[in-house]
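Novice: mind looking at a prediction? Sequence and model below.
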Amino acid sequence: MLKIGLTGGIGSGKTTIANLFAELNVPVIDADEIAREVVAPGSQALEQIRHAFSERVIADDGSLDRSAMRELIFADTEQKRKLEAIVHPKVRQSILKRVASLDASYCIICVPLLVESSMANLVDRVLVVDCPVETQIERVAKRDRLDEKIVRAIIDSQATREQRKALANDLIGNTSSDSMLAEQVKKLHNLYLYLSKRQDF
Ligand SMILES: CC(C)(COP(=O)(O)OP(=O)(O)OC[C@H]1O[C@@H](n2cnc3c(N)ncnc32)[C@H](O)[C@@H]1O)[C@@H](O)C(=O)NCCC(=O)NCCS
Ligand SMILES: Nc1ncnc2c1ncn2[C@@H]1O[C@H](COP(=O)(O)OP(=O)(O)OP(=O)(O)O)[C@@H](O)[C@H]1O
């Protein structure tokens, strides 16, 4: 099965694009969603996080305090690495398991850190969704009611637009509300169906 890695910076529009593929009945695997599942209360990963970071990142209800963790890791690269070392191998394992259970011509694996992490080798082809940094900030600040400062810190911790584009086989520009996303996705869908029939993708 052809595996398409969908990536882009925070707020670039990955979920929006992934939903359009899902509407075409393409299976979508979402690394952000898996990253949330693997740290669910009672999980081994959450216990490792408690041990590595102390109770300051655990909320009163026993779940991961996402806001506290966000503030911590995007202010300190070492803390970010520590968290990723716990979470990423489990996300990777779960992606592999899900891919193995699929029966489809191709699938979309949505991974925000495809360029930054070791997950690039999970996919056969990379689709990048791109927009200007100012647009990312506007969207995330509006959607998550986050302070502009933390959104900038998250963006600064991620690959640059140029680094991502250098790895792209396909590119969607999601710069404005009239980016005609559905049409761009339909065209790529036809390309991926075509490529999936060949053995040399
Ligand atoms: C820091 C956490 C708790 C903040 O949770 P929150 O619910 O606010 O964000 P969510 O998980 O939905 O992520 C939103 C976006 O933040 C960005 N982001 C998340 N983690 C990272 C990271 N380690 N490095 C850079 N950007 C990141 C991505 O663009 C992602 O799409 C959470 O993002 C987390 O646990 N991150 C570490 C795991 C990880 O690297 N996930 C990325 C997918 S493998
Ligand atoms: N072309 C667009 N025009 C206007 N709003 C958009 C457009 N594309 C996405 N958005 C909005 O911007 C926000 C971010 O989009 P989306 O959630 O798809 O991005 P993402 O890359 O998945 O974000 P994250 O990295 O945080 O998971 C959402 O509120 C979405 O509705």
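Specialist: Arrived safely, thanks for sending. Numbering: from 1, shown residues only. Ligands and ions are numbered 1, 2, ... in the order given.
Novice: for the helix ranked longest in the chain, packing partners?
Specialist: Counting by DSSP state H, the longest helix found in the chain is helix 77-100. Counting contacts by 3 or more CB pairs under 8 Å, 6 or more residues apart in numbering; DSSP states H and E, helix 77-100 packs against strand 28-30, helix 31-37, helix 44-53, helix 66-73, strand 106-110. For the C-beta atoms, the positions are set from N, CA and C on the backbone; glycine is no exception.
Novice: in CSV: the ones you listed, plus mean neighbour count.
Specialist: Converted to CSV, those look like this (neighbours: other CB atoms under 10 Å):
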stretch, mean neighbour count
strand 28-30, 21
helix 31-37, 17
helix 44-53, 16
helix 66-73, 16
strand 106-110, 24
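Novice: which non-adjacent residue is nearest Leu114?
Specialist: Once flanking residues are discounted, Leu114 sits nearest to Thr7: 3.8 Å by CB to CB, 6 or more residues apart in numbering.
Novice: per-residue pLDDT, that neighbour?
Specialist: Per-residue confidence (pLDDT) for Thr7: 98.
Novice: now do the contacts for Thr135.
Specialist: Thr135 makes contact with Gly11, Thr175, according to CB atoms under 8 Å, 6 or more residues apart in numbering.
Novice: next up, the contacts around Ala104.
Specialist: By CB under 8 Å, 6+ apart, the contact set of Ala104 is Met1, Val26, Pro27.
Novice: same question for Ile109.
Specialist: Lys3, Ile4, Gly5, Leu6, Val28, Ile29, Ala31, Ile95, Val99, Leu122, Val123.
Novice: hmm, try it at 6 Å
Specialist: Lys3, Gly5, Ile29, Val123 (CB atoms under 6 Å, 6 or more residues apart in numbering).
Novice: just read off the phi/psi values of the last one.
Specialist: Listed backbone geometry of Val123 is phi -120, psi 160, with angles given as degrees, to the nearest 10.
Novice: please tell me how far it sits from Tyr106.
Specialist: Computed with CB to CB, to the nearest Å, the distance linking Val123 and Tyr106 is 10 Å.
Novice: most neighbours among the contacts of Ile109, which one is it?
Specialist: Counting neighbours by other CB atoms under 10 Å, Gly5 comes out on top of the contacts of Ile109 with 25 neighbours.
Novice: hmm, the strand or helix carrying that one touching ligand 2?
Specialist: Assigned by DSSP states H and E, Gly5 belongs to strand 2-7. No. Using CB under 6 Å from any ligand atom, we find that strand 2-7 stays clear of ligand 2, coming within 8.9 Å at best.
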